[in-house]
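> I would like the atomic coordinates for the input below:
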Amino acid sequence: MRLAKVIGQVVATIRSDRLGMDKLSLIKFIDQSGEEESSVAVAVDRLGAGEGEWVLVVGGSSARMSMDSSGQVPIDLSVVGIVDEVTSNNSSWFHKNQQY
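Predicted coordinates for the structure are as follows:
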């Protein structure tokens with residue numbers, strides 16, 4: 001699992017039947033300092049995270065299993081949680097109701 005920030009969404013109305021019509025979130029991963037990494041990725045998001053929210057993302061077979069127990073869905077990343085707070089060494093990196 002990795003931390004990421006939702007920075008937007010991707011709209012693709014024509015898709016593989018196996019992908020379904022779940023929301024596609026545009027994300028940037030969060031590094032060990034709590035900062036956004038430079039690369040951008042797309043994750044399937046059945047939870048409906050909004051832009052600016054921090055999320056938990058899984059990849060590979062875990063992402064496929066989070067969408068379908070057979071693991072036969074063509075995805076690499078899936079949002080599996082919306083983060084409320086992240087703390088480390090008695091300090092807060094992120095709190096959902098505060099802006100840093």
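
> list the buried ones in the helix or strand of the chain with the lowest mean pLDDT?
For the chain, using mean pLDDT, DSSP states H and E, the weakest element among its helices and strands is helix 61-67, scoring a mean of 79. By 16 or more other C-beta atoms under 10 Å, the buried positions in helix 61-67 come out as Ala63, Arg64, Ser66, Met67. C-betas here are computed from N, CA, C, even on glycine.

> Quick check: of those, which lies closest to Leu19?
Met67 (9.1 Å; C-beta to C-beta).

> max-length strand in the chain?
strand 2-10 (DSSP state E).

> Pull out the buried residues from whichever helix or strand comes after that strand.
Downstream of strand 2-10, the first helix or strand assigned by DSSP states H and E is strand 23-29. For strand 23-29, the neighbour count (16+ other C-beta under 10 Å) marks Leu24, Ser25, Leu26, Ile27, Lys28, Phe29 as buried.

> same check, this time on stretch 30-40
By 16+ other C-beta under 10 Å, the buried positions in stretch 30-40 come out as Ile30.
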